[in-house]
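Asker: next input, structure requested:
(2 chains)
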Amino acid sequence: MIRLLIVDDIAQVRQGLRTVLPLAAEAAGLQIEIVGEAKDGAQAVELAAGLCPDAILMDLEMPVMDGCTAARLIRQQQPTVRLVALTVHTSPEVCATALAAGFDDFFEKGTSAHSLVEGIARWNDPPTPVF
Amino acid sequence: MKEKTGRSFSWIGFVLYAVAALRALTYRSPNPLDSQSTNPLAHTLFLAPILLLLLSDPALFRRFPGYRWVYFPLQAGLIQGLGLVPPYQDTWGILYVAVCIQAFAYLPAAWALGLSLFFAASLLTTLTLTMGVSVGLALGLTVVAGSALIVSNEVIFKQAERDRRESQRLLTELQKATQQLQVYTAQVEEISAAQERNRLAHELHDSVSQTVFSISLMAQSVRMLLEKDPAQVGPQLQALQELTGGALAQMRSLIQQWRPPAEKHDLQT
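Answerer: Here you go, the predicted structure:
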């Protein structure tokens, strides 16, 4: 079971992710539970500290506090949480900035739900045996 | 426009000097018993420095502000001296014309007027003493009247020239300011257009693209629910329909903002 926190300033996006991600995870043989939703980076930091999710799917461009700033703060509090960026901006510079801020992965809005689930669940894969 | 010579008086001053100099050098006393019927040497001793001083305008006046307080007394003395050298010729007084014009150019108005009146009084007195009362007064008043006419004409003309140059300067400054204003206006329009483009880009990001992504997620949900739980498809399709309606409304609103005002009015009518 992957406990997921969704962070996006657009309510319809949060609604869509809340609906599709558990279905896509089930189709992939996984389980995702949406434990919370935040509408900006500041709320995301607060909820992450309280809920301690396994993964956070977060937009980059938000009011009050943007995704990169929130990612830095969350990473300080929870070094092992899986941080996945989801944004409309797909330039190499934005991607590099996000990864430098602490995100583990970066997806464009338009990516299929199946790919998002794979990206969220990637850290759950067991390490490949050396021998 | 700068004057060619920069002098305070025009060619009239030199014409009058030439007339006075010619008259002084060729004048013969009407008295046949007068031993000095002509006195060109004596007259030249006064005429030469008078001309040199006239030629010092404007170089020395502009370089040495105190020069005027030396020039005018000196020039007045030389011209007066010329009038007192026998045989007493009758045209030396017109040399005061150029000096009066210079006085109005380089002295305060009250001083210039005072100096002009002094020259007039000096001329009348000298002519009266040397040529008799009636002849001296008649000739002197004629010279004074003519000189006053020429001096006032020159002064007014110079003032008009200065005013014209000032107007031209102001016009040039105004044209530069207008050009600069046009440049600033174009820059402001460009900045405004860029700001409007940024605003619309943000609106597209914040509204339409997000809504389309949400529609995509909903559509994927519907596809998966068709296999897993068809009963849940209806509400999802309803939500999808509402989302697409919202996206269309947002697009219409943005397109309406992009339209030029004239086109908006045509559409409304």
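Asker: for chain A, what are the low-confidence residue spans?
Answerer: The model of chain A has pLDDT under 70 over residues A:123-131.
Asker: now the spatially most central residue of it: how far from residue A:110?
Answerer: Most central in chain A under C-alpha atoms, centre = their mean is residue A:57, positioned 1.6 Å from the mean C-alpha point. From residue A:57 across to residue A:110, the span is 14 Å (C-beta to C-beta, to the nearest Å). Where C-beta positions appear, they are placed from N, C-alpha and C, glycine not excepted.
Asker: tell me how many other residues crowd the closest residue to residue B:42 other than its chain neighbours.
Answerer: Nearest residue to residue B:42, sequence neighbours excluded (C-beta to C-beta, 6 or more residues apart in numbering or on different chains): residue B:85, at 4.8 Å. For residue B:85, the count of nearby residues is 17 (other C-beta atoms under 10 Å in any protein chain shown).
Asker: which residue ranges of the chain form helices?
Answerer: The chain I'm using is chain A. In chain A, the helices defined using DSSP state H lie at A:11-27, A:41-51, A:67-77, A:92-101, A:113-121.
Asker: I was after chain B.
Answerer: Secondary structure of chain B, counting by DSSP H: helices at B:11-26, B:40-55, B:59-63, B:68-84, B:95-106, B:109-131, B:133-203, B:210-228, B:233-258, B:261-268.
Asker: could these go into CSV alongside mean neighbour count and mean pLDDT?
Answerer: Shown next, in CSV, are the helices of chain B (neighbours: other C-beta atoms under 10 Å in any protein chain shown; pLDDT from 0 to 100):
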stretch, mean neighbour count, mean pLDDT
helix B:11-26, 16, 86
helix B:40-55, 16, 87
helix B:59-63, 13, 86
helix B:68-84, 18, 90
helix B:95-106, 26, 88
helix B:109-131, 17, 90
helix B:133-203, 13, 90
helix B:210-228, 20, 89
helix B:233-258, 14, 83
helix B:261-268, 9, 56
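Asker: still on that earlier bit, tell me the contacts of the residue nearest to the centre of chain A?
Answerer: By C-beta atoms under 8 Å, 6 or more residues apart in numbering or on different chains, the residues touching residue A:57 are A:4-7, A:17, A:21, A:84, A:86, A:116, A:120.
Asker: closest one of those residues to chain B?
Answerer: Nearest to chain B, judged by C-beta to the nearest C-beta, of the contacts of residue A:57 is residue A:17 at 6.2 Å.
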